[in-house]
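Asks: got a sequence here, can you build the structure:
(chains A, B and C)
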Amino acid sequence: MGRYILYRLFLTLFVLVGITILVFAMIRLVPGDPAELLADQWATKEQIEFLRRTWGLDKPLLIQYLVFVGNLLHGNLGESIASNMPVAYEIAMRFPNTLKLAVAGMVIAVVIGGIAGIVSATKPYSLFDNVAMVLALIGVSTPAFWLGLMMILLFSVKLNWLPCTGADTLKHLVLPGLTLGLLAAGIIARQTRSSMLETLQQDYITTARAKGLREAAVIYRHALKNALIPVVTVVGLQFGRLLGGTVLVETVFSWPGMGRLMVDSIFTRDYPVIQGAVLVFATAFSLINLGVDLLYGFIDPRIKYE
Amino acid sequence: MRKLQGLLVGLLFLFLMVVAWGEEAKYGGTLVVALGTDIPIFDCVYCHGIPNLGIIHLVTQGLTRVNPTGGEPKVLPVLATSWEQSPEDPRVWIFHLREGVKFHDGTPFNAEAVKFNIERMLDPETGALARSAFAMIKSVEVVDEYTVKIITKEPFAALPAQLAYSPMCINSPTQVQKLGNRDYHKAPMGTGPFKFVHHIRGQEILLEANEGYWGGRPNLDAIIVKPIPEAASRLMALEAGEVQVAYHVPPRDAKRYIENPELGIDILTPPQQRRMFIGLNVQWGPFKDPRVRQALNYAVDKEAIIENIFLGLTKPMDSPMPPTALCYTPAKYYEYNPEKAKALLAEAGYPNGFEVTLHYGPGRYLMDTEVVEAVQYYLEQVGVKVKVVPLEWAAYGAMMRKPLEENKLQMFFIGWGLPTLDPELGVGPFSKAAWAPGLNCMFYSNPEVEELIKAQRAATTLEERCEIVKRIQELIMEDAPFIALYYEPQIHAKRREVKDFVISVTERIDEVLIRDTWIEKEK
Amino acid sequence: MRTLLRNRSAKVGMVIVSLAILTAIFAPLIAPYDPLKANLREMLQTPSLRHLLGTDELGRDILSRIIYGSRISLTLGVVSVGIGLMGGLPLGAVGAYYGGLADLIIMRFIDILLAFPAILLAIVVVSILGPGLYNAMIAVGISQLPFYARLIRSVVLSIKETEFVEAARALGAADSWILFRHIVPNAIGPIIVQATLNVASAILSAAALGFLGLGAQPPTPEWGTMLSKGRVYLRVAPHVTTFPGLAILLTVLGFNLLGDGLRDALDPRMVRMRR
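Replies: Alright, predicted model coming up:
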């Protein structure tokens, strides 16, 4: 198993290198570079060229890439073109906010989805079950940005209960967290329900019931533990997806996180920030997926690896 | 008699108390301002975006500023109190500086500081984004502690206005030398009414009152600047009282605030200076013929656009310069006349119109998509089929910078601001020198206009200059290297309790008048 | 097929999807107004008898735009999935079938694509190509590519070592023939399920691009783009954002229900309790 983990880590590294190349190449394919964008309206050609030289954009692509990698190996992600601050600083200012949002979303999703799933499984085909599963599917089908806007409309505009912008207090976390959470809750509810159902079919449950144990004990002590295995892996996978969903939610709520940083820096062609931010994001994403993959194999003895 | 005297004294005393108490109410409070973007870097040399630079100017002021009302005189003092052009050599300007001013770090403000900052801007090593805008300056000399001599390469009548342009501000030389050019923004020290405290990226900027400000301690204790890109959210924060000033309010919401005064929001509409037009590449196809260009001007109903899209909040463009500019005259107005448009097109050899592509970068200007679609509609009515190609702003900007041989633009929607309110930047760009990668992507050049632009630079009296500029405006409007549309309205909003708050014609918060701004406490 | 019809949610899904398809096909007949005709005098009107869903910021009828928008969204969904399939299937199949170095390299490339959250990949691709409807389809297609590659890979791997293939090879059959004859029938089921579900997510991704201003551009009545233009008016005219969003929700829901139902019907391994 240890060897396998090492092998996967090595592959992940390879993937990360590939990511740097891909991101690097792709953003330079995008028309318009930061010099053209930021130079003043009355700038001359020489002026623009000079700015390019200042930012190292005049060198051949390969050299630029090697400089980038060289810096990377020293732990330096470069400097933002727009703000002169280290990219690492810009990211460090935003990443915790995204993490806060993703965790909040995940917690809400697990709580709502988990409870809905469990209750549905214990009362299959009841009204609750049907309604819950329909709602779950609706959750999966809802566009994140639209849900965010509707939340703002309802809770900020009409009811004036909650703020819709800023990230200062816990109150600010509610609406964006809820938006993210409700979307993921759907999948978690469905997965919880189906795995609970499957578990409840098992023989040892029937045995427990036959032994005369109370229903509640049956559910909580026996079924839930085993049912949670696939749910945990789904939660892990969803966390990665949730991280991706933050891009849209952050835009709608003006939330100062990584998602907005990436989108904004693409629009302002801030190459170092794009490279750094996407790299960090993709790395986090890959590591989470890797972790979940391994966890899945670890927990579920039925899965074998080649 | 005694009783009357006593009564008078009593009344006087009461009066003084009321006045004092009223004054007392003026002090204090934190003003929260919501912008549409975060300030990328707190240093005018590296920052872009006009409202952003306006905030920076609250900390590091300029030498001069543009009159916030757009009226006369166009250029007002800030750190320079007066100036004159040398009668013998028009290339030499003398600026007299404000005395007894200190930077926030205690360094005295003087001619050395001014020289330092201008040279910093001009030094290629600094990498200032707006270096070209000040390229006409040849050198700066210190005459005495509070007098500075600025020498331009050629006679340049607009120098004081040019120094009011946002990227020019006076920073403490001590601080710049201490932190270095690129890191200075972390702790800027200026002469402004507010000091820089911190900048939490993406969230807020905090400024606090400068007790020793040369204009007297500001009424406000602090200013917080919050970036809220989502327009609807920005307004919600304003209505909820989380922010007290919101930049860039869409016309419909402005109307709603005006019609519902109980919401407690006032609309600010500083005078306009940005001319919005559809640039026509005069080197391309049908646009080589001035009759075609004029026809397009007659084809678009500007009044309808202003009425319906901007709810009547602005005026049609009748000069290459905005009404607030120095030497502005309403040179020519192309009224809505589709018949005349069709006639002109036929005369020029296009009785059935032609096809053309229009590029633009949506999201940059107020209601831009709506305007472009309206223009497309009107041109269709006279037989000109417009294919609209929206681009991401950065890509659009790159297209605009391409020189003549590589430039693919035919028609393009753009706005030109006039931050100095001066003809230099008002009509100057309509020349060959400004061909792309400069502003002039219409690639327009009229030899007579070129001569006159040079002449107005060398003019020694205002009357002389305005005579020349009047002719320039008429020529340009006649040549019509664009479809003149309107002047972009500036619509911002503030809560009613914010008093004496001024946003300038340049879109910046006025860096001198901010001192007087105060927040009325709730009764 | 019978199991499919018996599944209630799948039935609902089919109804919704059929409705969407019919709306798209008969749009010119159903829509009360021209979706592109602006009327500057009737901007941002709330729903009324004349305009059942109100008008947008240029006075266009929202109901008509939503109806025509179904064409765009369905096209977006199907074409994106098509692009993803065309890119992903050959890659995954080739890699899995030939194994060895080819497989390793191809799978790492897939991993790299998967390391990006789909929306981010789509944004970067669209930035390169320029915003627009067709580029959005390409971008979304590319972001979905990895899923199909992985899917076909697992199918190919599972049958690669079976007797059929051994026998066929022994008989001297060409590789491509083997691929076609044996792998395709086994792969079709899961591919259809995945594709259906992916149409749903393609529509969502494309709408997200439209929302960010990178997808279909105005005046094209793509639902996400309509949301993007309308969100400035959230306070004065919320209907401009509400209705396109509902349209997205319903359509995506339909495809998800259908895909779910297909999965239940076609996948023998998933045992579900039936009434």
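Asks: and whichever residue of the stretch 51-200 of chain A sits closest to chain C, how far from C:Ser228?
Replies: Of all residues in the stretch 51-200 of chain A, A:Trp146 sits closest to chain C, at 3.3 Å by C-beta to the nearest C-beta. Where you see a C-beta, it was placed from the backbone N, CA and C, and this is true even at glycine. Note on A:Trp146: its distance to C:Ser228, by C-beta to C-beta, to the nearest Å, is 11 Å.
Asks: which intervals of the chain have sub-threshold pLDDT?
Replies: Assuming you mean chain A. A:1, A:203-205, A:208, A:212-230, A:233, A:237, A:240, A:296-306 (pLDDT under 70).
Asks: let's do chain B instead
Replies: Applying pLDDT under 70 to chain B flags the ranges B:1, B:6, B:9-10, B:13-25, B:523.
Asks: taking the stretch 101-250 of chain B, what residue is nearest to chain C?
Replies: Across the stretch 101-250 of chain B, no residue is closer to chain C than B:Ala232, which sits at 3.9 Å (C-beta to the nearest C-beta).
Asks: could you pull up the residues touching the closest residue in space to that residue that isn't next to it in sequence?
Replies: Spatial nearest neighbour of B:Ala232, excluding adjacent residues (C-beta to C-beta, 6 or more residues apart in numbering or on different chains): C:Leu234 at 3.9 Å. By C-beta atoms under 8 Å, 6 or more residues apart in numbering or on different chains, C:Leu234 lies in contact with A:Leu149, A:Ile152, A:Leu153, A:Val157, B:Ala232, C:Thr241.
Asks: near chain C, anything from stretch A:110-123?
Replies: No: counting by C-beta under 8 Å from any C-beta of the partner chain, chain C is not contacted by stretch A:110-123; separation bottoms out at 10.6 Å.
Asks: by residue count, what's the longest helix in the chain?
Replies: Here I'm looking at chain A. Taking DSSP state H as the criterion, chain A has its longest helix at helix A:87-122.
Asks: to clarify, I was referring to chain C.
Replies: helix C:62-98.
Asks: from the chain's centre, how far out does that helix sit?
Replies: On the basis of C-alpha atoms, centre = their mean, to the nearest Å, helix C:62-98 sits 5 Å off its chain's mean C-alpha point.
Asks: tell me what it is packed against?
Replies: Here helix C:62-98 touches helix C:8-25, helix C:27-30, helix C:100-114, helix C:133-160, helix C:184-211, helix C:223-230, helix C:239-266, going by 3 or more C-beta pairs under 8 Å, 6 or more residues apart in numbering or on different chains; DSSP states H and E.
Asks: what's the angle from that helix to helix C:100-114?
Replies: Here the directions of helix C:62-98 and helix C:100-114 differ by 160 degrees (axes from the mean of the first three to the mean of the last three C-alpha atoms, to 10 degrees).
Asks: buried ones in helix C:62-98, by neighbour count?
Replies: C:62-77, C:79-85, C:87-89, C:91-97 (16 or more other C-beta atoms under 10 Å in any protein chain shown).
Asks: for that helix, what is the average pLDDT?
Replies: Average pLDDT, helix C:62-98: 87.
Asks: any idea of the angle it forms with helix C:133-160?
Replies: Using the same axes, to 10 degrees: helix C:62-98 against helix C:133-160 is 40 degrees.
Asks: which single residue in the stretch 1-150 of chain C comes nearest to chain A?
Replies: C:Pro117 (2.6 Å).
Asks: in what helix or strand does the closest residue in space to that residue that isn't next to it in sequence lie?
Replies: The shortest distance from C:Pro117 to any non-neighbouring residue, by C-beta to C-beta, 6+ apart, is to A:Gly244 (2.6 Å). A:Gly244 is located in helix A:224-253, with elements delineated by DSSP states H and E.
Asks: what's whatever residue of the stretch 201-306 of chain A ends up closest to chain C in contact with, if anything?
Replies: Closest residue of the stretch 201-306 of chain A to chain C, C-beta to the nearest C-beta: A:Gly244 (2.6 Å). Contacts for A:Gly244 (C-beta under 8 Å, 6+ apart) come out as A:Phe285, C:Pro117, C:Ala118, C:Ile119, C:Leu120.
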